[in-house]
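In: Got a sequence here, can you build the structure:
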Amino acid sequence: MRRITFFILIIGVLLCFVSACKNKHEKKLVVELRRFKEKTITLPDNMIAKSCDEQVPPDTTLLCCPLKMVVYVNQDGCQRCKLWSLLPIYMFILENQYLVNFGVVIILNTSDMETAYNVLTEMRFCKTVFYDLNGTFEHLNPHLPANEQFHTFLLNEDNRIVLVGNPVQNEQLKKLYLNELNKK
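Out: Numbers count the residues shown, from 1 in each chain. Got it, this is the predicted structure:
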């Protein structure tokens with residue numbers, strides 16, 4: 001009986017500890033997100049715009065759209081996996097291509113542009129991608145959170161953050177994005 005009571009007590013203490021750690025982590029994320037949303041985003045002017053469709057020139061006007069969703073892909077981890085994860089974003093672009101004042105700016109921080117280009121061609125990803133070969137985007141935006149969940153965000157005409165998160169991964173967030181996009 002003492003062992004069971006002791007075991008239950010240990011489990012209770014561990015659950016309290018885990019809950020406290022989780023709350024502390026969530027609070028840290030909220031603070032990080034709040035700080036991030038207070039800043040403007042600077043888009044580098046030295047990026048290389050490229051489209052996988054050789055017949056269609058890259059669309060650099062995306063950088064000037066009044067509303068733009070930025071999808072930043074850093075060098076960490078499996079590049080091929082990250083590029084394939086852009087496929088739902090591609091579908092989102094196609095679904096919303098009728099919106100006049102909206103564009104999607106995909107920034108790839110890669111030192112191997114040729115491999116990234118080949119993967120995107122293999123995927124038939126026929127939209128403009130901006131290659132940031134020197135890591136300038138992160139340098140110009142040191143407030144960019146390390147958490148990759150925050151590497152997709154909606155910017156207004158002043159490059160201020162309106163929404164943070166990937167709308168293709170969350171239905172409620174997608175509704176917020178579409179609501180914001182349809183306001184203009």
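In: Pull the contacting residues for the residue most central in space within the chain.
Out: The structure's the chain has its C-alpha centroid closest to Thr152; by Cα atoms, centre = their mean the separation is 2.1 Å. The contact partners of Thr152, taken as Cβ atoms under 8 Å, 6 or more residues apart in numbering, are Met69, Val70, Val71, Tyr72, Ile89, Val164, Gly165, Asn166, Pro167. C-beta here means a position set from N, CA and C on the backbone, and glycine is covered the same way.
In: what do you get if the cut-off is 6 Å, keeping everything else the same?
Out: Val71, Asn166 (Cβ atoms under 6 Å, 6 or more residues apart in numbering).
In: element containing Thr115?
Out: Using DSSP states H and E, Thr115 sits in helix 113-123.
In: I'd like the distance from that helix to the chain centre, please.
Out: 19 Å (Cα atoms, centre = their mean, to the nearest Å).
In: Could you measure from His124 over to Tyr90?
Out: Careful, residue 124 is Arg; it's not His. 9 Å (Cβ to Cβ, to the nearest Å).
In: more crowded one of those two?
Out: Tyr90 (18 against 10; other Cβ atoms under 10 Å).
In: so what are the domain limits for this protein?
Out: Annotated domains of the chain cover 1-38, 41-183 [automatic domain parsing].
In: rank the ones you listed by pLDDT, which is bottom?
Out: Comparing mean pLDDT across the domains of the chain, the weakest is domain 1-38, with a mean of 57.
In: returning to what we had before: strands paired with the following helix or strand past the helix holding Thr115, and their directions?
Out: Where DSSP H and E defines the elements, the next helix or strand beyond helix 113-123 is strand 129-131. Taking DSSP bridges as the criterion, strand 129-131 forms sheet pairs with strand 48-50 (antiparallel), strand 102-108 (parallel).
In: Could you save the ones you listed as JSON lines and add columns showing mean neighbour count?
Out: Formatted as JSON lines, those follow (neighbours: other Cβ atoms under 10 Å):
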{"stretch": "strand 48-50", "mean neighbour count": "15"}
{"stretch": "strand 102-108", "mean neighbour count": "23"}
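In: Could you tell me the end-to-end distance of stretch 51-63?
Out: 15 Å (Cα to Cα, to the nearest Å).
In: no no, stretch 98-117
Out: 26 Å.
In: Show me where the chain has its helices.
Out: Assigned by DSSP state H, the helices in the chain fall at 2-37, 79-84, 87-95, 113-123, 136-140, 171-183.
In: so what's Asn46 closest to, chain neighbours aside?
Out: In space, and not counting its chain neighbours, Asn46 is closest to Thr136: 5.8 Å by Cβ to Cβ, 6 or more residues apart in numbering.
In: Does the one you found touch Thr42 like I think?
Out: No - Thr136 lies out of contact with Thr42 (Cβ atoms under 6 Å); the separation is 9.1 Å.
In: Just want to know which of these two has more residues nearby.
Out: Thr136 (17 against 12).
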